[in-house]
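*Asks:* 3D model of this:
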Amino acid sequence: MSTNLNRRSVIKGILAGTAVLGFPSGFSALAITKEEETMISHFLKGKLNHSVARWCFNDFDIETLCVEVKKMGITGIDLVGPKDWPILKKHGLISTMCNGAEINLVDGFNDLQFHETLIKNYTEMIPLVAEAGYKNLICFSGSRRGKTDEEGWQNCIIGLQALVPLAEKYNVTLVMELLNSKIDHHDYQCDRTSWGVELAKRLNSENFKLLYDIYHMQIDEGDVIRNITDNYQYIAHFHTAGVPGRHEIDETQELNYVAIMKAIAATGFKGFIGQEFIPKNANKLESLKKAILICDI
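*Replies:* Residues are numbered from 1 along each chain as shown. This is a model prediction of the structure:
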């Protein structure tokens with residue numbers, strides 16, 4: 001059997017979803033042709049758009065990651081700042097959730113003492129995101145630090161209302177991430193769907209939405225499908241990871257990601273599903289390929 005035929009047979013196996021777990025670790029060295037790369041991308045059903053969080057695959061330099069994820073039909077990388085945008089563009093990928101304007105995860109818009117810095121940072125970053133042709137820019141509530149829900153909402157509104165007109169002008173969406181406060185981000189204020197949705201309702205702008213992290217929300221509130229179905233109009237982006245542990249989204253964890261993806265697709269969602277799990281598998285790219293196939297309903 002010829003080398004080309006062997007290679008094409010292996011590709012057909014992964015496309016059928018039958019060879020994912022046993023797929024050889026040397027896949028990236030198979031010198032896949034442009035035609036075969038197109039085959040993989042076109043095999044995906046197209047109901048949902050796929051991306052991956054940069055930080056979960058820091059073992060790979062950004063250039064290598066771009067090459068590898070493009071083979072899987074992934075069209076964007078989350079949490080990439082301006083420094084690496086030229087590399088993404090070189091490979092025909094987009095920065096699906098831009099970052100770099102935030103201070104950190106704990107010092108956010110719910111605290112007035114950080115507003116001066118945040119407003120400066122986001123005022124500078126919003127035009128850069130637009131100029132690059134991107135859409136989403138992440139932001140965070142910050143830690144509660146004893147504030148009531150009402151105080152947190154009011155402070156966020158003060159800070160974000162200073163930026164929303166600029167975001168509207170440049171057609172950039174400020175996207176606040178929902179994070180769990182039980183395990184990973186103790187005291188984070190935007191830790192429930194209802195809290196983020198209330199803030200979005202008060203801001204009343206299509207240029208402020210939520211990043212619904214499925215992993216985080218399963219931990220803090222559960223009821224994932226109903227919360228997505230009831231509030232999809234306020235959600236711009238999704239992140240995935242297995243519960244418990246934040247690892248692969250396969251049969252080793254408790255969430256039914258196929259059912260969740262079907263529910264998301266049923267809302268007409270046009271944004272991205274970003275893989276943000278920390279692989280346990282030594283072959284991290286194999287885990288990512290499998291995750292894409294699970295989510296490609």
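*Asks:* C-alpha from now on. contacts and neighbour counts both.
*Replies:* Will do.
*Asks:* Mind telling me what element Lys120 is part of?
*Replies:* helix 115-131 (DSSP states H and E).
*Asks:* CA atoms of that helix as PDB?
*Replies:* Taking C-alpha atoms only, helix 115-131 is exported to PDB below (Å, rounded to 0.1, in the frame of the first residue of the first chain):
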ATOM      1  CA  HIS A 115     -11.300  51.900  37.200                       C
ATOM      2  CA  GLU A 116      -8.700  54.400  36.100                       C
ATOM      3  CA  THR A 117      -6.300  51.700  35.000                       C
ATOM      4  CA  LEU A 118      -9.000  49.500  33.400                       C
ATOM      5  CA  ILE A 119     -10.600  52.400  31.500                       C
ATOM      6  CA  LYS A 120      -7.100  53.500  30.200                       C
ATOM      7  CA  ASN A 121      -6.200  49.900  29.200                       C
ATOM      8  CA  TYR A 122      -9.500  49.100  27.500                       C
ATOM      9  CA  THR A 123      -9.700  52.500  25.800                       C
ATOM     10  CA  GLU A 124      -6.300  51.700  24.200                       C
ATOM     11  CA  MET A 125      -7.100  48.100  23.400                       C
ATOM     12  CA  ILE A 126     -10.600  48.400  21.800                       C
ATOM     13  CA  PRO A 127      -9.400  50.200  18.700                       C
ATOM     14  CA  LEU A 128      -6.500  47.700  18.300                       C
ATOM     15  CA  VAL A 129      -8.900  44.800  18.400                       C
ATOM     16  CA  ALA A 130     -11.100  46.400  15.800                       C
ATOM     17  CA  GLU A 131      -8.100  47.300  13.600                       C
END
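*Asks:* pLDDT of that helix, averaged?
*Replies:* Across helix 115-131, pLDDT averages out at 98.
*Asks:* just checking, next helix/strand downstream of it?
*Replies:* Next element after helix 115-131 (DSSP H and E): strand 136-139.
*Asks:* Leu199: what's it in contact with?
*Replies:* Trp153, Cys156, Ile157 (C-alpha atoms under 8 Å, 6 or more residues apart in numbering).
*Asks:* In three-state terms, label it for me.
*Replies:* Assigned by DSSP: H, G, I helix; E, B strand; the rest coil, the conformation of Leu199 is helix.
*Asks:* Can you list phi and psi of Cys56 for me?
*Replies:* In terms of degrees, to the nearest 10, the main-chain angles of Cys56 are phi -70, psi -10.
*Asks:* Equivalent analysis for Gln189, please.
*Replies:* phi -80, psi -40.
*Asks:* thought it was touching Glu151?
*Replies:* No. Contact criterion C-alpha atoms under 8 Å: Gln189 and Glu151 do not qualify, at 10.6 Å.
*Asks:* out of the two, which sits in the busier spot?
*Replies:* Gln189 (28 against 14; other C-alpha atoms under 10 Å).
*Asks:* which stretches of the chain have low pLDDT?
*Replies:* Across the chain, residues meeting the criterion (pLDDT under 70) sit at 1-42.
*Asks:* could you pull out the strands for it?
*Replies:* Counting by DSSP state E, the segments of the chain that form strands are 49-53, 76-80, 94-98, 136-139, 173-177, 208-213, 235-240, 272-275.
*Asks:* which residues are contacting the fifth one?
*Replies:* So the one you mean is strand 173-177. 135-141, 164, 167, 190, 196, 206-213, 236.
*Asks:* 6 Å - rerun?
*Replies:* Around strand 173-177, the neighbours that count as contacts under C-alpha atoms under 6 Å, 6 or more residues apart in numbering are Lys135, Asn136, Leu137, Ile138, Cys139, Phe140, Asn207, Phe208, Lys209, Leu210, Leu211.
*Asks:* Also compute the angle for it relative to strand 208-213, please.
*Replies:* Orientation check (axes from the mean of the first three to the mean of the last three C-alpha atoms, to 10 degrees): strand 173-177 against strand 208-213 gives 40 degrees.
*Asks:* buried stuff in stretch 254-274?
*Replies:* Neighbour counts over stretch 254-274 (16 or more other C-alpha atoms under 10 Å) mark 255, 257-258, 260-264, 269, 271-274 as buried.
*Asks:* The residue lying closest to Phe277 once chain neighbours are set aside: how many residues sit nearby?
*Replies:* Spatial nearest neighbour of Phe277, excluding adjacent residues (C-alpha to C-alpha, 6 or more residues apart in numbering): Ala241 at 4.3 Å. Ala241 has 25 neighbouring residues, counting by other C-alpha under 10 Å.
*Asks:* Next, the contact list for Ala241, please.
*Replies:* Ala241 neighbours (C-alpha under 6 Å, 6+ apart): Tyr215, His247, Ile249, Glu276, Phe277.
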